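**Student:** predicted model and sequence follow; I will ask about them next.
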Amino acid sequence: MKNLGKMAAMASVMTALAAVLALSACSPKPSEAQMAASQASESAAMSITAAEAASQAVAGAMASVDATGYVGKWTGPEGTSLTVTPAGATYEVIITNLDGPRTFTGTLEGDGIHIVRDAAPLVIHKGDGQATGMKWLAEKKDCLVVAANEGYCKD
């Protein structure tokens, strides 16, 4: 009797398996248009991923624009400072002196960051403490020079 029950159960499993196989054989094969649409969807998904990757690469490049050596906060004597921040294709330059902070838009060119302050064009360029012309910064090595006797350093 035990064998008869096992055989009945096995027959039920075989019948169910045959039904599944028959139904799967009846499923229509996707048309070429459906295949193309599926590939286009996958391609669009890949493009979005590529666009996100490109956006992240640009953001990373902007964050690491410090390869130019200008980005960050630079300090001067008596609480003065200069802060350079990437802002798309330009730079935001904030110069804080004893009168308070002033904000300028700068563009990076071969010789430095160009700004206009009080209708006078200035080029913020790399130098050392000696190049700033300021005795308080004379020993420094990593500085930005804004104008004669005006500079800011990181070290």
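**Tutor:** Great, that's in hand. Numbers count the residues shown, from 1 in each chain.

**Student:** which strand in this structure has the most residues?
**Tutor:** In the chain, ranked by residue count with DSSP state E as the criterion, the top strand is strand 100-109.

**Student:** at which residues are the helices of this structure located?
**Tutor:** Along the chain, counting by DSSP state H, helices occupy 2-26, 32-63, 129-132.

**Student:** on that earlier part again, which strands or helices does the longest strand of the chain pack on?
**Tutor:** When contacts are defined as 3 or more CB pairs under 8 Å, 6 or more residues apart in numbering; DSSP states H and E, strand 100-109 packs onto strand 90-97, strand 112-117. Heads up, the C-betas are built off the backbone N, CA and C, glycines and all.

**Student:** can you redo those strands as CSV with mean neighbour count, mean pLDDT and distance to Lys154?
**Tutor:** Formatted as CSV, these follow (neighbours: other CB atoms under 10 Å; pLDDT from 0 to 100; distance: least, CB to CB, whole Å):
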stretch, mean neighbour count, mean pLDDT, distance to Lys154
strand 90-97, 18, 97, 15
strand 112-117, 18, 97, 15
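
**Student:** and the longest strand of the chain, what's buried?
**Tutor:** By neighbour count on 16 or more other CB atoms under 10 Å, the buried set for strand 100-109 is 104, 106, 108.

**Student:** just checking, the first one touches Ile95?
**Tutor:** In this case it means Phe104. Yes. Counting by CB atoms under 8 Å, Phe104 touches Ile95, with 7.0 Å between them.

**Student:** what touches both of the two?
**Tutor:** Here Phe104 and Ile95 have Arg117 as joint contacts, going by CB atoms under 8 Å, 6 or more residues apart in numbering.

**Student:** quick check: domain ranges of this structure?
**Tutor:** Annotated domains of the chain cover 2-63, 69-153 [automatic domain parsing].
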